[in-house]
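Asker: next come a sequence and a model predicted from it.
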Amino acid sequence: MLDLERPFHRLIHHFVFRIFHGAGEGDELQFSIPALIGIISVPAAFFSISLFGKYSTLMLYLMRRPQFDVYRASIPDEHFFIVFSMTVTGAIVIAKWDRLFPDRQDYDNLAALPVSTRQIFQAALAGLLFLAGLFAVDLNLAACFIFPLAVTAVFNTFEAYRTLFVAHAAAVILASFFACFGLLSVMGATVLLAPRRYVRIVSLAVRISCALALVAVLASAFSLPRLLLSAEPPKYLAYIPSVWFLDLQQVLLGRSAAYTGSGMLAVEITAGLFVLSLVLYALTYHRLFTRIPETNAVNAASGRDAHSLLRRFLDCTILRTPFQRAAYHFSCKTLFRSEQHCLLFGAATGIGFFVAAQYGSDALTNSSRVGLDHRLLAVPLVLSYFIICTLRVLFDLPTESKANWLFRSIVDRRQNETRVVGTKVIVMMIAPWLIVIGLPLHVLAWGWSVAFLHTGYVLLCSTTLASLLLTGYRKIPFTCLHTASKDHVLIMFIVFWIGLWFFGPLNSMFEWWFIQEPFRFLYVLPLFAALFYGVRTVERDLHEMDRTLIYEDRPSANIQLLNLTK
């Protein structure tokens, strides 16, 4: 335990809670340490419990499989636990990367104290290693006890349980350390090698790329099991990190390293990454800490007074009122200047690209009909759906809730055009790539008429969905303190995937039917018109109190006070 009366222990305590403390009122992107510990330990535990039926002796008897090899059958499950451990650990490192190093506030508070820079770095490093070990163990603790119990129930011996317990724990915990130290090495090298002027942009691009790589790693848990159990596994499996730790688990069980030939490869690479990450972390920490006094609290202006030609075009054609112009440009700048918002938007868009690419690859490899395939029509619809839903969620996450006093003082709360602004922000995140990239590809594939019909249909569906999701929206994006209900996260997740099926694959089937006879589009235009009219009618009929701008979105109190004495 830490003795907080000792200065060094107090420094470690400071850096630990600096990484994972709630960043303040209204910051929905932060989680406390106890909350995160409770959240990440649940999925592996539930998955382990669900495996009791697979390895049950009664089920094996009823299925007449007396020669069932439980160790071979557990390979896909073991691979899933390894992938899950790597993905969750990597996601935490990427999300908290900006908090692993000191900022100006730390420098102002610590540099004046009688504490050396070496002690500050040692305390930060100790806090980082403590959290890496804590989350690696907590993430896999429940599964380490439950999974071996499920697999070895057929043997009914403690020795079999103990052996699998040690093998499983070593594989998943080392996989977690591999992901942690590997990402620390990549991001530390990025900060060291990138030019000082472009460190933020390059670092953000690397973090988004790493997040997409984690998505690919997680997807391998569903695509590799068939290859792992095949009679002749492909040789390229030896280059997949998760397979290294699977071989380590097999070696500790007393079986051969079937995929890499060496079960110690995972240990050696993890040890090498550990040393490399410590070196890079020390160099990066020293570089950032010594440069803090040279940085300005406010970045210098770019020197450009006149607006760009594109901005003036938007102001003249699409943004018709001063409120729309100010809120639109503020929203776009905030989305790409805030590291957290840009990281979430980029990662979610990347996931949408992977999902959309899956539909395209299925259509190209398994063509079901000659000519137009509705699965190709679903590609831009799926990507647009991810962008729309991601932006709708991000609108409710403020950058700095305490700074919205400026909007309170200069904006008329009764002037509510936020739904229109939000819809235009979302559509402008879809229209450029759909017209510049998508339209030429559609022309090459299907011709001018189908390409224009498809592009217009995607834009119309996207605008309609954005308007529906923003019905009753009365906040300036990124400025409103929002208290999210954690109880509805699972429901929102389920609704999201159901909506994806309706908006993507099912919608593309309807579009394919319309394109076969273009006059059929006349049937659907009144439906879109009715939806737009319904949205405007609902907003027009709202009570005045429900149409005014708000800057705090809190749940109603259980006990309402009349405040008669005020």
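Answerer: Noted; the coordinates are in hand.

Asker: looking at this structure, which helix or strand is least sure?
Answerer: The element with the least model confidence among the helices and strands of the chain, by mean pLDDT, DSSP states H and E, is helix 57-62, at a mean of 58.

Asker: I'd like the next helix or strand past that helix.
Answerer: Under the assignment DSSP states H and E, the closest C-terminal helix or strand after helix 57-62 is helix 70-73.

Asker: helices and strands around the very next helix or strand once past that following helix, which ones?
Answerer: Next along the chain after helix 70-73, taking DSSP H and E as the criterion, comes helix 75-95. Other helices and strands packing on helix 75-95, by 3 or more C-beta pairs under 8 Å, 6 or more residues apart in numbering; DSSP states H and E, are helix 33-40, helix 42-50, helix 117-151, helix 158-193, helix 199-223, helix 225-228, helix 241-252. Every residue, glycine included, has its C-beta placed from N, CA and C.

Asker: so how far is the third one off the chain centroid?
Answerer: What separates the centre of helix 117-151 from the centre of its chain is 22 Å, taken as C-alpha atoms, centre = their mean, to the nearest Å.

Asker: and that helix, what's buried?
Answerer: Of the residues in helix 117-151, those with enough neighbours to count as buried (16 or more other C-beta atoms under 10 Å) are 120-121, 123-128, 131-132, 135-136, 138-144, 146-151.

Asker: ok, now stretch 70-78?
Answerer: So, applying 16+ other C-beta under 10 Å, buried residues of stretch 70-78: 70-71, 74-78.

Asker: and the residues you listed, which is closest to T260?
Answerer: I75 (13.8 Å; C-beta to C-beta).

Asker: need the contact list for the closest residue to the closest one other than its chain neighbours.
Answerer: Once its chain neighbours are removed from consideration, I75 has its nearest residue in L228; the separation is 5.3 Å (C-beta to C-beta, 6 or more residues apart in numbering). Contact partners of L228, counting by C-beta atoms under 8 Å, 6 or more residues apart in numbering, are 75-76, 79, 237, 243, 246, 259.

Asker: redo that, cut-off 10 Å
Answerer: Taking C-beta atoms under 10 Å, 6 or more residues apart in numbering, we find L228 in contact with 72, 75-76, 78-79, 234, 237, 243, 246, 258-259.

Asker: over to L224?
Answerer: Counting by C-beta under 10 Å, 6+ apart, L224 touches 75-76, 79-80, 83, 233-234, 237, 240, 242-243, 246.

Asker: dump these to TSV, plus distance to I292 and pLDDT.
Answerer: What follows is those, written out as TSV (distance: C-beta to C-beta, whole Å; pLDDT from 0 to 100):
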residue	distance to I292	pLDDT
I75	49	89
P76	48	88
H79	44	91
F80	43	91
V83	38	92
P233	51	83
P234	49	84
L237	46	86
I240	40	89
S242	38	91
V243	42	91
L246	43	91
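
Asker: export the residues you listed to a markdown table and append columns for distance to K475.
Answerer: Below are the contacts of L224 laid out as a markdown table (distance: C-beta to C-beta, whole Å):
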| residue | distance to K475 |
| --- | --- |
| I75 | 50 |
| P76 | 46 |
| H79 | 44 |
| F80 | 40 |
| V83 | 38 |
| P233 | 53 |
| P234 | 51 |
| L237 | 49 |
| I240 | 45 |
| S242 | 42 |
| V243 | 47 |
| L246 | 48 |
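
Asker: farthest-apart pair in those residues, please.
Answerer: Across the contacts of L224, the two lying at the largest distance from each other (C-beta to C-beta) are F80 and P234, at 19.0 Å.

Asker: more crowded one of these two?
Answerer: More neighbours surround F80 than the other of F80 and P234, with 20 against 12 (other C-beta atoms under 10 Å).

Asker: about what we covered before: farthest pair within the contacts of L228?
Answerer: E78 and P234 (18.6 Å).

Asker: could you pull up the residues touching L549?
Answerer: Residues in contact with L549 (C-beta under 10 Å, 6+ apart) are 407-408, 411-418, 474-476, 479-480.

Asker: name the SS class of it, please.
Answerer: Assigned with DSSP: H, G, I helix; E, B strand; the rest coil, L549 falls in the coil class.

Asker: going forward, the N-terminal residue is numbered 602.
Answerer: Got it, first residue is 602 now, which makes that one L1150.

Asker: phi first, then psi, for it.
Answerer: Torsion angles at L1150 (phi, psi; degrees, to the nearest 10) stand at phi -60, psi 140.

Asker: and if you look at K1076?
Answerer: The phi and psi torsions at K1076 (degrees, to the nearest 10) take the values phi -130, psi 150.

Asker: that one contacts V1012, doesn't it?
Answerer: No: counting by C-beta atoms under 10 Å, V1012 is not a contact partner of K1076; they are 11.3 Å apart.

Asker: please identify which of those two sits among more neighbours.
Answerer: Taking other C-beta under 10 Å, K1076 and V1012 do not tie; K1076 has more neighbours (24 against 18).

Asker: next one: that one from L984, what distance?
Answerer: Here K1076 is placed at a distance of 26 Å from L984 (C-beta to C-beta, to the nearest Å).

Asker: not counting its neighbours along the chain, what's nearest M788?
Answerer: Leaving aside its chain neighbours, M788 sits nearest to W698 (5.7 Å; criterion: C-beta to C-beta, 6+ apart).

Asker: neighbours of S878, how many?
Answerer: Number of residues near S878 (other C-beta under 10 Å) recorded here: 23.

Asker: so where does it fall, helix or strand?
Answerer: Assigned by DSSP H and E, S878 falls within helix 866-892.

Asker: who are the packing partners of that helix?
Answerer: The elements that helix 866-892 packs onto, with contact taken as 3 or more C-beta pairs under 10 Å, 6 or more residues apart in numbering; DSSP states H and E, are helix 705-711, helix 718-752, helix 759-794, helix 842-853.

Asker: give me the angle between that helix and helix 800-824.
Answerer: On the basis of axes from the mean of the first three to the mean of the last three C-alpha atoms, to 10 degrees, helix 866-892 is oriented at 160 degrees to helix 800-824.

Asker: SS state for S1050?
Answerer: Assigned state for S1050: helix (three-state reduction, three-state DSSP).

Asker: now for the residue lying closest to it once chain neighbours are set aside: which residues touch it?
Answerer: The spatial neighbour of S1050 that comes closest, neighbours along the chain excluded (C-beta to C-beta, 6+ apart), is P1119 at 7.3 Å. The contact partners of P1119, taken as C-beta under 10 Å, 6+ apart, are 1050-1051, 1054.

Asker: okay, P1119 and C943: tell me how far apart.
Answerer: Separation of P1119 from C943 (C-beta to C-beta): 40 Å.

Asker: number of residues surrounding L1132?
Answerer: The criterion is other C-beta under 10 Å. On that basis, L1132 has 15 neighbouring residues.

Asker: cool, the one 10 residues further on as well?
Answerer: When neighbours are counted by other C-beta under 10 Å, D1142 registers 9.

Asker: same check on M1029?
Answerer: Other residues within reach of M1029, judged by other C-beta under 10 Å, total 14.

Asker: do the same with the one 3 residues further on
Answerer: For A1032, the count of nearby residues is 18 (other C-beta under 10 Å).

Asker: doesn't I1038 make contact with it?
Answerer: No: the criterion here is C-beta under 10 Å, and A1032 misses it with I1038 at 11.1 Å.

Asker: who's in contact with M687?
Answerer: The contact partners of M687, taken as C-beta under 10 Å, 6+ apart, are 773, 776-781, 783-784, 815, 818-819, 821-822, 842-843, 846.

Asker: repeat the analysis, applying 7 Å as the threshold.
Answerer: Residues counted as contacts of M687 (C-beta atoms under 7 Å, 6 or more residues apart in numbering) are 776-777, 779-780, 818, 843.

Asker: farthest pair in those residues?
Answerer: With distance counted by C-beta to C-beta, no two of the contacts of M687 lie farther apart than S777 and V818, which are 12.6 Å apart.

Asker: looking at these two, which has the bigger crowd around it?
Answerer: Neighbour count, other C-beta under 10 Å: between S777 and V818, S777 has more, with 29 against 19.
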